[in-house]
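**Student:** I would like the atomic coordinates for the input below:
(one chain, ligands or ions: 1)
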Amino acid sequence: MTTLDCIGSGNAFSNGQYWNGFLVDRRILFDCPAQTLTHLQKLDLAIDDLDLILLSHQHSDHVLGMDLLLLELTMGRASKRGRPLRIAAPPGVNERVAEIIGGAPRMTPKDDERITWIEMHDGANFEWEGVKVQAVEVDHMPELFLAVGYRVEIDGKLIAYTGDTKICDGVYTLAEGADLLVLECGGGPPHMNWDDIHKLREDLPASTEMLVTHYNGVTAPDVSAIDGLSLAEDFANYTV
Ligand SMILES: [Zn+2]
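**Tutor:** This next block holds a predicted model:
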């Protein structure tokens, strides 16, 4: 059994929802929206307990929180960390975060022993602090950059996270055998729409729970009657 905290369920254009992000087992981040550090503090989480940050792509609603999180890690409590933090991301994200930070020393070099960056692409995988991670390429804005989703195996559970994507084979690869699929519904290209979500619910086995995020609550349909499909809510906590 593990836990999932919703840091935010919205997208860049949502009405009043915080930007999408999740915390697995109180130590693994799926993306890092602007409000991340504040919410980790509200959860009374020791920032030093973070083991992994899995970034899906370089859009601002997914990475803007990295600036202040890295400030906290390098100048706040980082000196107390007894082990390194790993940040996994597709090509270009490290450079995007460096642009946001603008030359301050909290942007550690890629080979810094406290914070290690690893570049992800389709099929790339690693094991870290007892967690198995695999990246799967998804179809978000391939003409501009590579975007990935993640499959994370932890405590006997498989949690998949799409990041941002249109409907594509990668979404089905991510979902294979997953106990929980956290999937985006931005509403239309370069995102999935609600028809895609309903079709996925029909296609995937009942053993795979689906939790929709990155959606607009004003236009979202009522899915409460559909088994195995629910809408993520800002700051809600889930058990997997
Ligand atoms: Zn995006």
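
**Student:** so what does the helix or strand containing H39 touch, helix or strand wise?
**Tutor:** Following DSSP states H and E, one finds H39 within helix 36-42. If contacts are counted by 3 or more CB pairs under 8 Å, 6 or more residues apart in numbering; DSSP states H and E, helix 36-42 sits against strand 3-8, strand 21-24, helix 66-71. Every C-beta, even on glycine, is put in place using the N, C-alpha and C of the backbone.

**Student:** Any chance of a markdown table for those, columns mean neighbour count, distance to L55 and mean pLDDT?
**Tutor:** Output for the helices and strands packed on helix 36-42, formatted as a markdown table (neighbours: other CB atoms under 10 Å; distance: least, CB to CB, whole Å; pLDDT from 0 to 100):
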| stretch | mean neighbour count | distance to L55 | mean pLDDT |
| --- | --- | --- | --- |
| strand 3-8 | 22 | 13 | 97 |
| strand 21-24 | 24 | 10 | 98 |
| helix 66-71 | 22 | 8 | 92 |
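
**Student:** among these, which is nearest the ion?
**Tutor:** Nearest to the ion among the helices and strands packed on helix 36-42 is strand 21-24 (12.5 Å), distances taken as CB to the ion.

**Student:** partners of that closest one, with directions?
**Tutor:** strand 3-8 (antiparallel), strand 28-30 (antiparallel) (DSSP bridges).

**Student:** Make TSV from those and add distance to the ion to it.
**Tutor:** Below are those laid out as TSV (distance: least, CB to the ion, whole Å):
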stretch	distance to the ion
strand 3-8	14
strand 28-30	13
